[in-house]
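[1] Sequence and predicted structure below; questions after.
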Amino acid sequence: MANQDTVPPWEEKVLAALDAGEIDQALNALIAECGQAILAYCLARLGDDAIAHDVAQDVFVAVWQALPGFRREASLRTWLFVIAHNRCAKRRESLGRFRRLFSSGLDKIVEEAQPDPADPPEEAVLKHQQAERLRRALAKLKRKERDLLTMYYMEELSLEKIAERYSVARETVRQQLIKAQQKCKQLMDDKHYDAERTRTTRRP
């Protein structure tokens, strides 16, 4: 258990709220003190602002669920960053699996973002460009479209399970998933990507 003499005021506030059974109050105090630090950590680990925000939110959902069982064997800050580390590692693994599965499901138009050390420089550059196309394409999809793709490819949920989440028919999910795949593939098309890159790099 952490030395009580060294516990900072904000942590005392969180622990007091826990002792009183006020889980939401404890979480709010924890977010107020460590929220920005956790977001910065996720951004450093994942390198993408949108993904970092998503994972940081996921971290605090996990914290809210785990707070009642906090054993006080380490400081709250240490405990929190262990959760953040694990969530970032899980997301990085999921993103790698997503790239592999998505590339296979869409005629291998995308390969792993990280080049093999044995790859010649030209191939390494190509792989990074392909991964960047995928990232840009996903960012341009609607939230529902991204959710469908990530649930199917990253969470590896069946069409039936996804249909249950949305309370719709399996066939509806199948059609929506096909449209999301087609839209993502179109956004990753060379001409579309080149035009987008030209717009973003053009100087006034």
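    Done, it's in. Here the structure is a predicted model, which is why all the values come from computation and not from measurement.

[2] For the residue most central in space within the chain, give me its contacts.
    Most central residue of the chain, judged by C-alpha distance to the mean C-alpha position with CA atoms, centre = their mean, is Ile51 at 4.2 Å. If a contact means CB atoms under 8 Å, 6 or more residues apart in numbering, then Ile51 has 42, 91, 95 as its contacts. Where you see a C-beta, it was placed from the backbone N, CA and C, and this is true even at glycine.

[3] most neighbours, which of the residues you listed?
    With neighbours defined as other CB atoms under 10 Å, the most crowded of those is Cys42; it has 26 neighbours.

[4] mind listing what that one touches?
    Listed by CB under 8 Å, 6+ apart, the contact set of Cys42 reads 51-53, 55-56, 59, 84, 87-88.

[5] ok, the residue lying closest to it once chain neighbours are set aside - how many residues close by?
    With sequence-adjacent residues excluded and distances taken as CB to CB, 6 or more residues apart in numbering, Cys42 is closest to Ala52, at 4.0 Å. When neighbours are counted by other CB under 10 Å, Ala52 registers 21.

[6] From the chain's centroid, how far away is stretch 28-35?
    20 Å (CA atoms, centre = their mean, to the nearest Å).

[7] Mind listing what's buried along it?
    28-31, 33-35 (16 or more other CB atoms under 10 Å).
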